[in-house]
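J.: next come a sequence and a model predicted from it.
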Amino acid sequence: AQSVTQLDSHVSVSEGTPVLLRCNYSSSYSPSLFWYVQHPNKGLQLLLKYTSAATLVKGINGFEAEFKKSETSFHLTKPSAHMSDAAEYFCVVSLFTGGGNKLTFGTGTQLKVEL
Amino acid sequence: GAVVSQHPSWVICKSGTSVKIECRSLDFQATTMFWYRQFPKQSLMLMATSNEGSKATYEQGVEKDKFLINHASLTLSTLTVTSAHPEDSSFYICSARDFRGDSNEQFFGPGTRLTVL
């Protein structure tokens, strides 16, 4: 079985300050992990993914995440928040099965960026 | 990058009617498509996995006779909500996997908001 836990349902930061969105995972196998962003009434956009290569993964828009097996974590960070970063963020774990991969989504973290 | 479209983007229907939602991969072929449901301020829940030319695989608790899925071609999957009721109102999102590329990446459509009156 696999699961992800997003530890914060809401995070609020000031523009220009660092962002940290926390995610812990549980997987019986070596997981593939993703972070997606969802803006209001928009589709999901892939920010970055980890697939057993480098543990520090760089994504789009200045985001990055570090895979820490010992802590079963995959936290998302950004050095300096921008107003346009305000959105819902989902941590996702993937399990590849014979019929394809199944994604399990976390419950999401709403990021609010204030002036 | 790979683009997935959904049609319609929103639909309002009366209780008891059926609604069809289309999911298309625009610039790649998708042997596998996925249908998700998202309630307001909640996460995405996988409803079913759709493989081209075969029957869909439904997740536990999803009524296959209510949510009919057809994946007739490598670029199109449809979800039909039959005899819709207000509790079926939700945001339905599809995704598609490019059979030539990274087997772990899915590309998501923009979603369809269904409101059943």
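T.: Structure's in. What do you need?
J.: got the residues of chain A near chain B?
T.: A:32, A:36, A:41-46, A:49, A:51, A:90, A:94, A:96, A:99-108 (Cβ under 8 Å from any Cβ of the partner chain). For glycine as for every other residue, the C-beta is placed from the backbone atoms N, C-alpha and C.
J.: from those residues, which land in helices?
T.: Assigned to helices by DSSP state H, none of the residues of chain A next to chain B qualify.
J.: secondary structure class for A:Asn61?
T.: Using DSSP: H, G, I helix; E, B strand; the rest coil, the structure places A:Asn61 in helix.
J.: alongside chain A, which residues does chain B contribute?
T.: Close to chain A, as judged by Cβ under 8 Å from any Cβ, chain B has residues B:4, B:31-32, B:34, B:41-46, B:49, B:51, B:57, B:93, B:95, B:97, B:102-106, B:108-111, B:113.
J.: now with 6 Å?
T.: B:32, B:43-44, B:97, B:104, B:108-111 (Cβ under 6 Å from any Cβ of the partner chain).
J.: from the residues you listed, which would you call buried?
T.: Buried members of those, counted by 16 or more other Cβ atoms under 10 Å in any protein chain shown: B:32, B:43-44, B:97, B:104, B:108-111.
J.: against A:Ser3, how distant is the spatially closest residue to B:Thr82 that is not a sequence neighbour?
T.: Ranked by Cβ to Cβ, 6 or more residues apart in numbering or on different chains and with sequence neighbours excluded, the top spatial neighbour of B:Thr82 is B:Ser18, at 4.8 Å. According to Cβ to Cβ, to the nearest Å, B:Ser18 and A:Ser3 sit 34 Å apart.
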